[in-house]
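[1] Return atomic coordinates for the entry below.
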Amino acid sequence: MNCDWVKQNITLYIYDELPDDARHELEQHTERCAGCAAELKTAREFRGLMSECLPASDPTPNLLAASRIRLSETLESAEPARRWRWTLDLAGWLHQVRFAPALAAVLLMIGFAGGVMASYKLVNKSPDIAQVSKNPPAINQASIAGIKSIIPDPGSRKVEIQYDTVQPEKVEGTIDDPRIQQLLLFAARSNYNAGVRMDSVDLLAQRPEERQVRDALIFALRYDANPGVRLKALDGLGPFVQNDTSVRNAVLEALLNDANPGVRSEAIVLLKPLKADASVRQAFQQLSRDKSKFIRSESQRVLATIPEID
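    Okay, here's the model as predicted:
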């Protein structure tokens, strides 16, 4: 480890973002190097001053999820480079094994023994193991890297979802299956693929009566970067605009602030039946001067049908 590496990673160190092995090496280096120790002390003092002047506040869950979506979309293009680098490293390792016959023989023996043991366990699988497979455990969201695809079966409620952990995995079931719902909710909020998010929101919109599903649709309407996903979310939220205040507020926000004219037009359609509501009427009054000719004319048309209030 050299001084350049330490100076580049001091900021990560003081914010507890370095892995444990890297932290240990950095600490060992600063004990021996006076220059890097002074650099670390200065960085700590600067962080202390910043904390006093600008106290940190905890980010909201919605902000974290929205940031995660944007970060995942940015990192998507870098993923193939990582896989290629791993392929190169593996090729180099195999090249070394080629010239180490003893090591290669040991590896072959270990692989053969592992295969025999695995075959023995499969052949002698007990009824208890078979019973566990009928009742699979809940999926751990922390282990999910992303949802790869969502494939609904036409004419039935069956859904097939492929998702990535350390290795790609797949689960099948109906949209009533808690595991399927869990993965759909994860995909709606966190997946980097807009097409998968759209499929997820489309399926979730079939069960908007559940609170957690409605919250996921509201999140998609407010924060998803893809207008198609936001339109799907509006479709699912439509029946609840009248009786759910949180849904109505989200649709009003879309009407006033969404950058896509199609999303705003759909919001007008959903809010028309509530034109007598004070907040809805105020929104239409504000939009009667909107820069979009269509939104402006539609808002004026709705306002013309509202009785005058004395």
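
[2] any idea what sits nearest residue 279, other than its immediate chain neighbours?
    With CB to CB, 6 or more residues apart in numbering as the criterion, residue 279 has its nearest non-adjacent residue at 6.4 Å, and that residue is residue 252. Yep, even glycine has a C-beta here, placed from its N, CA and C like the rest.

[3] what pLDDT does that neighbour get?
    According to the model's per-residue confidence, residue 252 sits at a pLDDT of 89.

[4] burial of it, as a residue count?
    Applying the criterion other CB atoms under 10 Å, we find 20 residues in the vicinity of residue 252.

[5] Make sure residue 148 is indeed in a helix.
    No: secondary structure of residue 148 (DSSP: H, G, I helix; E, B strand; the rest coil): strand, not part of a helix.

[6] Next, the contact list for the residue nearest to residue 279, please.
    Residue 252 sits next to 267, 271, 279-280, 283 when contact means CB atoms under 8 Å, 6 or more residues apart in numbering.

[7] okay, among the residues you listed, which ones form the most distant pair?
    Farthest-apart pair in the contacts of residue 252 is 267 and 279; separation 13.1 Å (CB to CB).

[8] who has more neighbours, these two?
    Legend: neighbour count by other CB under 10 Å for residue 267 and residue 279, higher for residue 267 (27 against 12).

[9] which SSE is the more buried one in?
    Secondary-structure element containing residue 267, defined by DSSP states H and E: helix 261-271.

[10] Buried residues of the next helix or strand after that helix, list them for me.
    The helix or strand immediately downstream of helix 261-271 is helix 278-287, counting by DSSP H and E. Neighbour counts using 16 or more other CB atoms under 10 Å place 280-281, 283-284, 287 of helix 278-287 among the buried residues.

[11] ok, now stretch 205-219?
    For stretch 205-219, a neighbour-count test (16+ other CB under 10 Å) marks 205, 207-208, 213-219 as buried.

[12] got the CA positions of it in CSV?
    Listed in CSV are the C-alpha atoms of stretch 205-219, where the atom choice follows Å, rounded to 0.1, in the frame of the first residue of the first chain:
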residue,chain,number,x,y,z
ALA,A,205,-52.2,-2.4,-10.5
GLN,A,206,-54.4,-5.5,-10.5
ARG,A,207,-54.3,-5.5,-6.7
PRO,A,208,-54.3,-1.8,-5.6
GLU,A,209,-56.7,-2.5,-2.7
GLU,A,210,-53.6,-3.5,-0.7
ARG,A,211,-51.9,-0.6,1.1
GLN,A,212,-48.4,-1.6,0.4
VAL,A,213,-49.2,-2.0,-3.3
ARG,A,214,-50.9,1.4,-3.4
ASP,A,215,-47.9,3.0,-1.8
ALA,A,216,-45.6,1.4,-4.5
LEU,A,217,-47.9,2.8,-7.2
ILE,A,218,-47.8,6.2,-5.6
PHE,A,219,-44.0,6.0,-5.5
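
[13] okay, the contacts of residue 252 in CSV with pLDDT and distance to residue 17 next?
    Shown next, in CSV, are those (pLDDT from 0 to 100; distance: CB to CB, whole Å):
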residue, pLDDT, distance to residue 17
267, 89, 40
271, 87, 45
279, 84, 43
280, 84, 46
283, 86, 43
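
[14] With distance to residue 174 as extra columns, can I get the residues you listed in a markdown table?
    Written out in a markdown table, the entries for those read as follows (distance: CB to CB, whole Å):
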| residue | distance to residue 174 |
| --- | --- |
| 267 | 31 |
| 271 | 33 |
| 279 | 38 |
| 280 | 37 |
| 283 | 39 |
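
[15] Looking at the residues you listed, which is nearest residue 240?
    The closest of the contacts of residue 252, once distances to residue 240 are taken by CB to CB, is residue 271, at 12.5 Å.

[16] Quick check: that closest one vs residue 287, distance?
    10 Å (CB to CB, to the nearest Å).

[17] Over to residue 246?
    Applying CB to CB, one obtains 21 Å for the distance of residue 246 from residue 287.

[18] With residue 210 instead?
    Computed with CB to CB, the distance linking residue 210 and residue 287 is 32 Å.

[19] what's around the nearest residue to residue 201 once chain neighbours are set aside, how many residues?
    Leaving aside its sequence neighbours, residue 201 sits nearest to residue 232 (CB to CB, 6+ apart; 4.4 Å). By the measure other CB under 10 Å, the count of residues near residue 232 is 25.
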